[in-house]
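Colleague: return atomic coordinates for the entry below.
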Amino acid sequence: MDCKCNGKCAQGSIENKFNLIDHIIESYKDQKGSLIPILHQIQKLLGYLPEDVQAYVAKKLEIPLSEVYGVVTFYTLFTTQQKGKYNINICLGTACYVKGSGKILSEFEKQLKIKVGETTEDGMFTLDACRCLGACGLAPVLVVNDKVHGRLTVDNVASIIEKYREE
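Modeller: The predicted model follows:
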């Protein structure tokens with residue numbers, strides 16, 4: 001669910017991140033169970049949910065910080081770490097792993113010089129792994145931001161990295 005301001009908050013009319021957060025919270029104020037949509041909108045705005053933002057949301061919603069933190073850390077769609085421009089998420093589920101996703105992950109780590117959960121120094125790539133992307137028929141599969149790449153081999157790694165570096 002998107003902010004109900006019809007895009008006004010993204011037009012630069014509000015000057016700092018906490019004013020933007022106030023605007024998001026205000027747009028959901030009358031909805032029961034609004035914490036997840038609020039956090040989703042804030043993450044969409046900032047790219048992640050740092051501790052100071054979680055504390056601010058808790059204060060504004062008059063709920064314990066532990067409740068906000070619990071939601072942020074429970075749902076995998078939320079992150080407390082700043083991510084790169086391109087988020088590479090490699091499936092390590094059974095179908096993908098059997099078809100070589102572990103080797104593909106190792107090749108990404110080698111070429112990007114980072115481990116799972118890390119971001120390259122230039123801020124371009126963050127490398128993650130998950131247990132299932134729901135595309136077993138395309139195994140092995142990975143997602144870069146919202147784009148699915150399937151039927152991969154280790155030989156595809158360099159070209160995938162290069163494609164996104166060029167964008």
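
Colleague: residue boundaries of the helices in this structure?
Modeller: In the chain, the segments counted as helices under DSSP state H are 17-27, 35-46, 51-61, 65-74, 94-98, 101-112, 157-166.

Colleague: L133: which of the ones you listed is closest?
Modeller: Taking C-beta to C-beta, helix 94-98 is the member of the helices of the chain nearest to L133, at 7.8 Å. For every residue, glycine as well, the C-beta is placed using N, CA and C.

Colleague: who does the closest one touch, helix- and strand-wise?
Modeller: When contacts are defined as 3 or more C-beta pairs under 8 Å, 6 or more residues apart in numbering; DSSP states H and E, helix 94-98 packs onto no helix or strand at all.

Colleague: buried ones in it?
Modeller: When neighbours are counted by 16 or more other C-beta atoms under 10 Å, the buried residues of helix 94-98 are found to be A95, C96, Y97.

Colleague: ok, now stretch 32-52?
Modeller: S34, L35, P37, I38, L39, H40, Q41, I42, Q43, L45, L49, P50.

Colleague: which residues does that stretch contact?
Modeller: 1-3, 17, 20-21, 24-25, 28, 31, 53, 57, 61, 63, 67-68, 71-72, 75, 77-83 (C-beta atoms under 8 Å, 6 or more residues apart in numbering).

Colleague: filter these to the buried ones?
Modeller: Among the contacts of stretch 32-52, those buried by neighbour count (16+ other C-beta under 10 Å) are 3, 20-21, 24-25, 28, 53, 57, 61, 68, 71-72, 78-79, 83.

Colleague: measure V157 to D122 for me?
Modeller: When distances are taken as C-beta to C-beta, to the nearest Å, V157 and D122 turn out to be 18 Å apart.

Colleague: actually A139, sorry about that
Modeller: Distance, A139 to D122, using C-beta to C-beta: 30 Å.

Colleague: what about those two, which has more around it?
Modeller: Here A139 and D122 are compared on neighbour count by other C-beta atoms under 10 Å; more neighbours surround A139, at 20 against 9.

Colleague: in this protein, what residue sits furthest out from the centroid?
Modeller: Most distant from the centre of the chain: D30, at 27.0 Å, with distances by C-alpha atoms, centre = their mean.

Colleague: can you check what pLDDT the model gives that residue?
Modeller: Model confidence at D30, expressed as pLDDT, equals 82.
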